[in-house]
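1. have a look at this prediction, sequence included:
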Amino acid sequence: MTPLELRHKVRSGEFRLPTAGYCGEYAQANLVILPQSQADAFLLFCQRNQRACPLLAVGEPGQWNVGRLGEDMDLRTDTPGYNIYRGGQLAEQAYALHELWRDDLVVFAIGCSFSFEQMLMDAGIRLRHIEQRRNVAMYRTNILNQSAGPFGGQMVVSMRPMKAADAIRAIQITSRYPAVHGAPVHLGDPATIGIADIHRPDYGDPVEIMPDELPVFWACGVTPQEAIRQAKLPLAITHQPGYMLVTDIRNASLAAF
């Protein structure tokens, strides 16, 4: 499928799966949708925490079809699942936002590590969550974000188990793509970054780590959802972790060097 074809399947309700492994040549995006009154503070939060929140695009108030992201796009329907937060708590999940949409809502599209997974696989690096058709494992850490306004909290990371040689190659590949989180923030002992039980992710699905593998951790675009919990805004909308917006932006165009 092309990204447009996938978005149309999402819009019609035919596709309700995690998006890892789909449209591998194209960038995927995390979404944060906030009232305009909080947009400036969140923009500053992203600028201060670029490893976890690299911005691909920011919409105008009320805009649900940000042109930079793709053709015939409706951000109210084209993500396989949305989280709705009220007062910092997950209040509900939805497949469409028409009833919630307001003229003051601002869309932030944040780069996603799913975007570089095809490059890793092209280099011969196996990704178990894709092979097993699972969501990637994601964890809260003890790595503090730099606060901005009401937004703060800790970084969330995604984890992929790899053999040591593959981990080195993955660092080389992903460091070229800071717009989709860049190089890992940690590898090895999960306790060092505050993860008590690697077998129980806070988001996504558990993935087995073999005896000859290391857990490799990338900054994750679910980090804003932790910041939203802390901010306790009356209304905030995000994607469901792992259920991303697939854009028309080619990953190759995001290479920094």
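-> Right, received. Where do you want to start?

2. and the spatially closest residue to Q132 that is not a sequence neighbour, helix, strand or coil?
-> Distances taken as C-beta to C-beta, 6 or more residues apart in numbering put V207 closest to Q132, at 7.4 Å, once the chain neighbours are dropped. Every C-beta, even on glycine, is put in place using the N, C-alpha and C of the backbone. Three-state assignment for V207 (DSSP: H, G, I helix; E, B strand; the rest coil): coil.

3. distance of V207 from G81?
-> According to C-beta to C-beta, to the nearest Å, V207 and G81 sit 20 Å apart.

4. per-residue pLDDT, G67?
-> We have a pLDDT of 88 for G67.

5. can you report how many residues neighbour it?
-> 11 (other C-beta atoms under 10 Å).

6. got the phi/psi numbers for it?
-> Phi and psi for G67, reported as degrees, to the nearest 10, are phi -60, psi -30.

7. any idea which residue sits dead centre in this protein?
-> Note on the chain: the residue nearest the mean C-alpha position is G221, at 3.5 Å, using C-alpha atoms, centre = their mean.

8. that residue contacts Y203, doesn't it?
-> No: distance between G221 and Y203: 11.0 Å, which falls outside the contact criterion (C-beta atoms under 8 Å).

9. assumed the residue nearest to the centre of the chain was part of a helix.
-> No: looking at G221 with three-state DSSP, it is coil, so not inside a helix.

10. not counting its neighbours along the chain, what's nearest it?
-> Nearest one to G221, counting by C-beta to C-beta, 6+ apart, is N30 at 3.1 Å.

11. which parts of stretch 196-214 are buried?
-> For stretch 196-214, the neighbour count (16 or more other C-beta atoms under 10 Å) marks 198, 201, 203-204, 207, 209, 213-214 as buried.

12. touching that stretch from outside, list them.
-> 18, 128-129, 132, 134-140, 156, 158-164, 167, 187-188, 190, 215, 222, 241-242 (C-beta atoms under 8 Å, 6 or more residues apart in numbering).

13. so how far is the first residue of that stretch from its last?
-> 16 Å (C-alpha to C-alpha, to the nearest Å).

14. starting at the chain centroid, how far to that stretch?
-> Its chain's C-alpha centre and that of stretch 196-214 lie 18 Å apart, by C-alpha atoms, centre = their mean, to the nearest Å.

15. quick one: average confidence on it?
-> 95.

16. M155: what's it in contact with?
-> Contacts of M155 (C-beta under 8 Å, 6+ apart): 49, 51-52, 141, 143-145, 185, 219-220, 223, 226.

17. neighbour-wise, which of the residues you listed leads?
-> For the contacts of M155, neighbours tallied by other C-beta under 10 Å; top is C220, 32 neighbours.

18. let me know the pLDDT of it.
-> In this model, C220 carries a pLDDT of 96.

19. list the buried residues in the helix ranked longest in the chain.
-> Longest among the helix segments of the chain by residue count, using DSSP state H, is helix 36-48. Within helix 36-48, the residues scored as buried using 16+ other C-beta under 10 Å are 38-39, 42-43, 45-46.

20. show me what that helix is packed against.
-> strand 55-58, strand 105-111, helix 223-231 (3 or more C-beta pairs under 8 Å, 6 or more residues apart in numbering; DSSP states H and E).

21. okay, helices next: where are they in the stretch 151-257 of the chain?
-> Per DSSP state H, counting those that start in this stretch, the stretch 151-257 of the chain carries helices over the ranges 164-174, 223-231.

22. please report how far the residue nearest to L4 when sequence neighbours are not counted lies from A123.
-> Leaving aside its sequence neighbours, L4 sits nearest to E71 (C-beta to C-beta, 6+ apart; 5.7 Å). For E71, the distance to A123 equals 30 Å [C-beta to C-beta].
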